[in-house]
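Novice: Quick one: sequence and predicted model below, then my questions.
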Amino acid sequence: MTQHNFENDNKYHERSVQARKSTLLAWWLIFSFLPYR
């Protein structure tokens, strides 16, 4: 039971980290291309 919960938390943590990285990448692309418009 505890191991199962730990695996679920680990998967959720990895998903949140990937979402945060993709969000930061999107903001970086927006701000890097903004001055050239």
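Specialist: Noted; the coordinates are in hand.
Novice: Measure how far the stretch of helix or strand Leu24 belongs to is from the centre of its chain, please.
Specialist: Per DSSP states H and E: Leu24 is located in helix 2-33. Put simply, helix 2-33 sits 2 Å off its chain's centre (C-alpha atoms, centre = their mean, to the nearest Å).
Novice: what mean pLDDT does it have?
Specialist: Confidence over helix 2-33 (mean pLDDT, whole number) is 88.
Novice: Quick one: list the elements packing against it.
Specialist: Judged by 3 or more C-beta pairs under 8 Å, 6 or more residues apart in numbering; DSSP states H and E, helix 2-33 is in contact with no other helix or strand. Bear in mind the C-beta positions are built from the backbone N, C-alpha and C, glycine included.
Novice: ok, so what distance separates Ser32 from Gln3?
Specialist: Counting by C-beta to C-beta, to the nearest Å, the gap between Ser32 and Gln3 amounts to 43 Å.
Novice: Can you get me a residue count around Lys21?
Specialist: Neighbour count for Lys21, taken as other C-beta atoms under 10 Å: 10.
Novice: No further queries at this time; thank you.
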